[in-house]
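Undergrad: need the 3D shape of this:
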Amino acid sequence: MNQLILITLLFSSLLTTPAMAIMFEKRMEVGLKNLSIISNENNLIGSTELTHLIFANELTNITLRDKQLKKYSITINPEMIQVMGGDFNYKFPSFDNFDGINYKKILSNNFNYQLYNNILEIKSDYFEIETYSYYLKAVMFNLECFLENNEIDVERCLNNSQVTSYDPVISPSIHFNNAESDLEINANNITLTPDRLKIDTNTLNYVSQNLEVALKESNIECQKSWVTPNSQGLDFILGCLAEGNLKKGWFEIFLPEKSIKATLFNNQMTINDYNFDFNLKSSKFEMEDKSLFSTEKTTFKCHAQTHIQNIETFDFQKILFECASELRSDIENLVYQSKDLSLKMETFHYETQKEDSTKIYAQINNISGNKDTGSFLIPTVKASCNNIKNFDLSALITDCLMDGTVELPTIDYSDQETKTNVKINISSANIKNNQFILNAPKIAISSPTIIASIHNIEASCKRNQNDPPLDFDLLQRRCFENSLLKISLIKATNNKYDLQMEVKDVSVDKNKLFLNIPAAKYNLNQKSIYFEKMNFLCNPNVTFENFQDLNVNNVLDNCVNNTKITIDTVKNALNGGSKKTKYENITFLTANSNFTLKLKMSVMLIPTNVKFEGTIKYNKETSEIILNVVKASAGPLLGKNSILFFMKNFFADENIRVEGNKIIAKLGDN
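TA: Presented below is the predicted three-dimensional model:
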């Protein structure tokens with residue numbers, strides 16, 4: 001704004017020096033029409049028509065208003081200013097430090113200049129100046145500058161002036177451009193006082209290398225310090241950050257270096273020393289990765305730890321965390337959209353509570369989202385961090401990891417492609433001493449082939465106290481290294497394979513996978529096969545890289561080579577008949593690509609101990625476990641081939657087959 005008024009005054013300086021101002025201290029007024037001055041290397045040469053001329057002092061009172069006033073030619077160079085018209089030829093010294101080469105052109109349709117009672121007034125329906133360092137165009141403007149002793153003082157005009165409309169219907173518009181910035185403004189009124197800046201704007205667009213700002217139909221009132229001709233636009237922005245009020249309208253900010261664009265439909269935004277409050281009808285944030293945030297009816301009230309004027313301009317993250325110690329925010333219909341994730345929150349509430357200790361509290365209602373083919377819904381989330389000591393981001397996370405709680409009673413997930421639905425009931429989620437503990441009474445899973453319920457889940461994850469709080473890769477690794485999953489009961493039914501299973505006491509960490517299965521039922525070849533008291537123990541030997549990549553194949557490969565399975569009894573029943581024991585005391589061990597299978601079975605009503613030995617491997621490409629039987633014994637009655645024959649007839653189906661000495665079990669549908 002300072003450049004705007006400064007450059008507007010340049011032409012008036014051509015007509016009035018301080019000495020002349022004193023001479024015409026009562027009144028001086030000049031009206032020009034069709035003003036055109038163009039540069040030719042060393043001089044500015046142009047023409048204009050004088051419409052009226054008035055000047056008055058103690059000795060003189062002259063008024064010229066004549067339709068026959070001549071058209072005048074004007075020549076300006078560093079040495080002199082010459083005006084010629086008809087027989088009129090007047091020369092006077094050029095003002096100090098004028099460089100005529102710097103100007104390319106000065107144009108105006110109607111230009112009226114008045115100096116009267118310490119008021120400098122300039123009116124024009126069109127006024128344009130172009131130099132080699134800046135460009136200014138002003139349309140339908142009326143500038144009033146309040147002076148002392150009728151002396152033109154650019155610095156005083158920057159601190160005591162007003163721009164209004166030349167026309168009662170059309171608002172003034174101004175366009176200023178230089179190497180650093182570009183400003184376009186259409187405003188009903190602009191007022192500058194020594195300590196205030198007021199703008200009633202229809203549109204305002206400001207562009208620089210680091211910042212782009214656009215406003216529509218807004219009222220701006222800001223604190224302003226005393227500025228000089230050498231002040232920059234940033235000085236006005238800093239004044240607004242010290243104390244400012246932006247009412248109504250549309251407000252857009254773009255940060256080219258960070259590729260962040262914010263669009264705000266504003267009710268009111270107020271900044272006052274350490275306080276920052278705003279109410280928005282809606283907002284939209286476009287991020288560098290093309291992700292999008294949008295909100296409706298946002299309120300934000302904060303008291304910053306540092307004076308807002310001292311925070312780096314438009315560093316939103318810094319402003320947010322400076323506000324965190326005393327902050328309250330409410331948001332409706334927050335939407336996040338990225339390339340692969342869609343997220344919506346119906347309401348979001350955040351506040352800082354100061355009681356015996358400082359706490360932060362947040363509540364979110366109706367969170368829904370989509371990722372790939374899956375979607376989820378969380379009706380309510382409540383989160384709090386207790387005993388907050390410092391609101392620096394790193395310290396804040398550290399304090400939350402020492403003492404925090406999360407409440408999210410239910411999570412619903414569905415996948416359209418697999419037609420899978422999951423419902424999770426959660427009783428508590430606590431963070432204490434860098435350990436996260438989750439308790440979930442029940443997880444229900446359903447799909448076209450599987451119905452399962454998982455009961456009484458307890459999961460925990462622990463980080464090291466001295467770990468950097470913002471190192472999320474390290475946090476993920478620590479959770480992998482120090483995590484535990486316990487489940488007291490799993491009930492599952494597989495419709496495709498007609499399998500019913502009950503699992504108790506599931507325990508999972510990076511070194512051990514343990515399942516206690518009291519009972520399972522499997523229907524095969526019109527027979528019902530019953531497993532009783534089965535235990536499964538495996539050392540998956542999972543690496544952090546496997547965990548990151550979710551590499552199930554590597555986990556299975558490791559389990560195949562380090563597993564112990566025991567089953568008390570296997571019974572069968574034909575066509576719903578009574579159960580009959582087929583196998584007992586089954587033990588299956590694997591190590592170093594070898595396996596041993598021991599069991600007890602009845603052969604011709606004679607109890608017989610059977611033993612298989614051989615090699616085992618997991619084929620990652622076909623998802624098959626292959627047992628190559630090298631030795632088999634069952635006393636003197638049965639040889640290896642006979643035993644394999646019994647196994648084939650008892651177990652074989654579309655996923656388990658016996659081929660020669662090999663027993664091949666296929667995992668999954670691939």
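Undergrad: show me where pLDDT drops low in the stretch 201-350 of the chain?
TA: Along the stretch 201-350 of the chain, the parts satisfying pLDDT under 70 run over 232-234, 238, 241, 273, 305-325.
Undergrad: same thing with the stretch 451-600 of the chain?
TA: Within the stretch 451-600 of the chain, the stretches with pLDDT under 70 are 469-472, 475-476, 480, 496-498, 524-526, 542-553, 574-578, 581.
Undergrad: 50 instead, please
TA: 550 (pLDDT under 50).
Undergrad: tell me where it has strands.
TA: Assigned by DSSP state E, counting those that start in this stretch, the stretch 451-600 of the chain shows strands spanning 483-494, 499-508, 513-524, 527-538, 562-574, 580-591, 594-603.
Undergrad: likewise the stretch 101-250 of the chain?
TA: So, for the stretch 101-250 of the chain - with DSSP E, counting those that start in this stretch - the strands run 103-116, 119-131, 134-146, 161-165, 173-178, 181-192, 196-208, 212-223, 243-247, 250-255.
Undergrad: show me what the fifth one pairs with in its sheet, parallel or antiparallel.
TA: Using DSSP bridges, the strands paired with strand 173-178 are strand 134-146 (antiparallel), strand 181-192 (antiparallel).
Undergrad: got it, and the fourth one?
TA: Neighbouring strands of strand 161-165 in its sheet, by DSSP bridges, are strand 134-146 (antiparallel), strand 181-192 (antiparallel).
Undergrad: of all those, which one is nearest L377?
TA: Among the strands paired with strand 161-165, strand 181-192 comes nearest to L377, with 46.2 Å by Cβ to Cβ. C-beta coordinates here come from the backbone N, C-alpha and C atoms, glycine included.
Undergrad: and the angle for the closest one with strand 196-208?
TA: 170 degrees (axes from the mean of the first three to the mean of the last three Cα atoms, to 10 degrees).
Undergrad: for strand 181-192, buried residues please.
TA: In terms of neighbour count (16 or more other Cβ atoms under 10 Å), strand 181-192 has its buried residues at 181, 183-187, 190-192.
Undergrad: from those, which two are the most distant?
TA: S181 and T191 (21.7 Å).
Undergrad: picking that back up, quick one: which of the strands paired with strand 173-178 is nearest G369?
TA: It's strand 181-192; of those, that one is closest to G369 (Cβ to Cβ) at 40.3 Å.
Undergrad: residue contacts, K248?
TA: For K248, the contacting residues are 217-219, 266-268, by Cβ atoms under 8 Å, 6 or more residues apart in numbering.
Undergrad: could you check how far it is from Q268?
TA: Relative to Q268, K248 is positioned 7 Å away (criterion: Cβ to Cβ, to the nearest Å).
Undergrad: got it, and S294?
TA: Counting by Cβ to Cβ - S294 and Q268 are separated by 20 Å.
Undergrad: with the buried residues of strand 181-192 in mind, which one is nearest to D473?
TA: Nearest member of the buried residues of strand 181-192 to D473, counting by Cβ to Cβ, is S181, at 40.8 Å.
Undergrad: didn't that closest one look like it was pressed against N205?
TA: No: with contact defined as Cβ atoms under 8 Å, S181 does not reach N205; the gap is 10.7 Å.
Undergrad: ok so, going back, of the strands of the stretch 101-250 of the chain, which is nearest S368?
TA: The nearest among those, by Cβ to Cβ, is strand 250-255 at 28.1 Å.
Undergrad: could you tell me how many residues sit around the closest residue to I457 other than its chain neighbours?
TA: Once flanking residues are discounted, I457 sits nearest to A440: 4.2 Å by Cβ to Cβ, 6 or more residues apart in numbering. By other Cβ atoms under 10 Å, 20 other residues sit near A440.
Undergrad: so how far is A429 from A440?
TA: 9 Å.
Undergrad: try G660
TA: On the measure of Cβ to Cβ, G660 and A429 end up 53 Å apart.
Undergrad: now Q223
TA: For Q223, the distance to A429 - Cβ to Cβ - is 46 Å.
Undergrad: same check on R156?
TA: R156 is 64 Å from A429, by Cβ to Cβ.
Undergrad: quickly find the element holding the residue nearest to N594 when sequence neighbours are not counted.
TA: Excluding its sequence neighbours, the residue lying closest to N594 (Cβ to Cβ, 6+ apart) is T615, at 5.8 Å. Secondary structure from DSSP states H and E places T615 in strand 606-619.
Undergrad: just the CA coordinates of that strand, formatted as CSV?
TA: Extracted in CSV, the C-alpha atoms of strand 606-619 (Å, rounded to 0.1, in the frame of the first residue of the first chain):
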residue,chain,number,x,y,z
ILE,A,606,-5.0,-103.4,17.2
PRO,A,607,-3.5,-100.1,18.7
THR,A,608,-0.6,-99.2,16.6
ASN,A,609,2.1,-96.5,17.0
VAL,A,610,2.8,-94.9,13.6
LYS,A,611,5.8,-92.7,12.8
PHE,A,612,6.6,-90.7,9.7
GLU,A,613,10.0,-89.1,9.0
GLY,A,614,11.0,-87.0,6.0
THR,A,615,11.6,-83.5,4.6
ILE,A,616,9.4,-80.5,4.6
LYS,A,617,9.4,-77.3,2.6
TYR,A,618,7.1,-74.4,1.8
ASN,A,619,6.7,-73.4,-1.9
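Undergrad: now do the helix or strand that comes right after it, average pLDDT.
TA: For strand 606-619, the following helix or strand on the C-terminal side (DSSP H and E) is strand 624-633. Computed over strand 624-633, the mean pLDDT rounds to 85.
Undergrad: which elements pack onto strand 624-633?
TA: Secondary-structure packing of strand 624-633 (3 or more Cβ pairs under 8 Å, 6 or more residues apart in numbering; DSSP states H and E): strand 606-619, helix 640-651, strand 662-666.
Undergrad: export that strand to CSV, keeping only CA atoms.
TA: Extracted C-alpha coordinates of strand 624-633, given in CSV (Å, rounded to 0.1, in the frame of the first residue of the first chain):
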residue,chain,number,x,y,z
GLU,A,624,1.9,-75.3,-0.7
ILE,A,625,3.5,-77.2,2.2
ILE,A,626,5.1,-80.3,0.8
LEU,A,627,5.9,-83.3,3.1
ASN,A,628,8.2,-85.9,1.5
VAL,A,629,7.9,-89.1,3.5
VAL,A,630,11.3,-90.9,3.6
LYS,A,631,10.5,-93.4,6.4
ALA,A,632,7.3,-94.7,7.9
SER,A,633,6.8,-97.4,10.4
